[in-house]
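**Q** sharing a model that was predicted from the sequence below.
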Amino acid sequence: AGSTMMMSLTLLLATLGLLVQEITLTQSPGAKSVSPGQTVSISCKASSSVSSYLHWYLQKPGESPKLLIYNANSRQSGVPERFSGSGSNSDFTLTISGVQTEDAAVYYCQRTDLNQQLL
């Protein structure tokens, strides 16, 4: 019975997957070296409109991703004001004004559907 349930669940998930529009996000630049105090911008372009459901994360080695900006331009509680987000539809930007040494990290953009839970 357990294996039958697993098979049914797998088929259901596969079917649901067909209903989700695939949207590709492209970030640039791939890497950037900056000096402390400079301003840096990271671009995220979607292959089609994601409205404003675009979010930015920072990840440091050995740590889980940390939400910085949600819904394109809303700063997560506790995130320094030097981090800001802008854009809509398919073109988004994360800006770090006055970069600090502790900002060295990998930055990700992520799209979600309307009711999808953020990390």
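**A** Yep, it's here.
**Q** show me the shaky parts of the chain.
**A** 1-21, 114-119 (pLDDT under 70).
**Q** what about the helices in the protein?
**A** 2-19 (DSSP state H).
**Q** show me where this protein has its strands.
**A** Ranges of strands in the chain, per DSSP state E, are 25-28, 40-46, 54-59, 66-70, 74-75, 83-88, 91-96, 106-111.
**Q** what about residue 48, how many neighbours?
**A** Neighbour count for residue 48, taken as other Cβ atoms under 10 Å: 10. Where you see a C-beta, it was placed from the backbone N, CA and C, and this is true even at glycine.
**Q** how about the closest residue to it other than its chain neighbours, phi and psi?
**A** Closest residue in space to residue 48, ignoring its immediate chain neighbours: residue 23 at 5.6 Å, by Cβ to Cβ, 6 or more residues apart in numbering. With angles defined as degrees, to the nearest 10, residue 23 sits at phi -120, psi 130.
**Q** could you count how many residues lie near residue 23?
**A** Using other Cβ under 10 Å, residue 23 has 12 neighbouring residues.
**Q** isn't residue 70 right next to residue 52, touching?
**A** No - using Cβ atoms under 8 Å, residue 70 makes no contact with residue 52, being 9.4 Å away.
**Q** residues in contact with residue 26?
**A** 44-47 (Cβ atoms under 8 Å, 6 or more residues apart in numbering).
**Q** kindly report the same for residue 96.
**A** By Cβ under 8 Å, 6+ apart, the contact set of residue 96 is 39-41, 82-83, 103.
**Q** what's the distance between it and residue 38?
**A** Per Cβ to Cβ, to the nearest Å, residue 96 is found 9 Å from residue 38.
**Q** re earlier: nearest to residue 31 among the contacts of residue 26?
**A** residue 44 (15.0 Å; Cβ to Cβ).
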